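Colleague: this one's structure only:
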């Protein structure tokens, strides 16, 4: 079948190549800073890219800022309105982390957007890549080994679970936080130290590494002041993030906002994860590949 891959980072670039390797006809738009391998056709006009495409795949996240297509691999700037205006309602349109404004705009045009990031199979596989990327950053940004380091993982969602498991496997002393009593019970059952997410002030000075996965302001100035000297803070949360980077800079806290880690550290695997999820969506719709 024919696919169109519109915008995005290396994940979408590799997705296009993988779809072509599978024998599909693939066109791209707003991926022009790199040369794609195989039979992928890189178009310079959006309508040419999406013409006759049964499935159109947009980036993760779909926008870089309000109203603008997320397209770091393009030399141009494009609005989501430009892209959506070129589509037809009968095309299957998939995108990741769809903001409300984009969803409403698509709805006003009679276009249904499917958020592939909301699929559990993608979210879990994506969390693996994010956790591995976080560990890579910890190794690069600290002068100590992960083994025997004291690590705090804030939030016990998909990434928090997998990251805690991987850190423990490398010999770290892991404390994980959660808000719900059920998650706190699971943290203890896995053998990690447990803390309530909003009751961590007393223990913050113990850690060599603090990793936040909660997309809410958890680490403000008052908490950052409690960190030990040399502590590394990683924020893995999507925008608006969970760490006050202005305060961190003022206090001399080493802080890294690691957005879109799967695309940075494992674009081929991440592209394959998106491809497999798109295939699942199409199969559920009864569309033969």
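Modeller: That came through fine. All values derive from a computational prediction rather than experimental measurement. Residues are numbered from 1 along each chain as shown.
Colleague: need the contact list for residue 20.
Modeller: By CB atoms under 8 Å, 6 or more residues apart in numbering, the residues touching residue 20 are 26, 38, 39, 40. Quick note: C-beta positions are derived from backbone N, CA and C, even for glycine.
Colleague: ugh, wrong one, residue 198
Modeller: Residue 198 touches 179, 218, counting by CB under 8 Å, 6+ apart.
Colleague: among the contacts of residue 20, which ones are buried?
Modeller: Among these, those classed as buried by neighbour count (16 or more other CB atoms under 10 Å) are 26, 40.
Colleague: next, residue 144: secondary structure please.
Modeller: With DSSP: H, G, I helix; E, B strand; the rest coil as the basis, residue 144 sits in coil.
Colleague: rewinding a little: which two among the contacts of residue 20 are spaced furthest apart?
Modeller: Pairwise distances among the contacts of residue 20 were taken by CB to CB; the largest, 8.3 Å, belongs to 26 and 38.
Colleague: do a quick rundown of the strands in the stretch 51-200 of the chain.
Modeller: In the stretch 51-200 of the chain, the strands defined using DSSP state E, counting those that start in this stretch lie at 55-57, 63-65, 68-69, 92-95, 113-115, 150-154, 173-178, 193-196.
Colleague: looking at those, spot the one closest to residue 15.
Modeller: Among the strands of the stretch 51-200 of the chain, strand 55-57 sits nearest to residue 15 (CB to CB), with 6.6 Å.
Colleague: in its sheet, what does the closest one sit against?
Modeller: Strand pairing for strand 55-57, determined by DSSP bridges: strand 2-6 (parallel), strand 92-95 (parallel).
Colleague: please work out which of those strands is packed deepest.
Modeller: Of all the strands paired with strand 55-57, strand 2-6 carries the top mean neighbour count, a mean of 27, counting by mean count of other CB atoms under 10 Å.
Colleague: so which residues of the protein form helices?
Modeller: Along the chain, counting by DSSP state H, helices occupy 10-21, 46-50, 80-85, 100-108, 120-141, 158-169, 181-189, 221-224, 245-251, 261-265, 267-284.
Colleague: which strands or helices does the second one pack on?
Modeller: Read it as helix 46-50. strand 2-6, strand 25-29 (3 or more CB pairs under 8 Å, 6 or more residues apart in numbering; DSSP states H and E).
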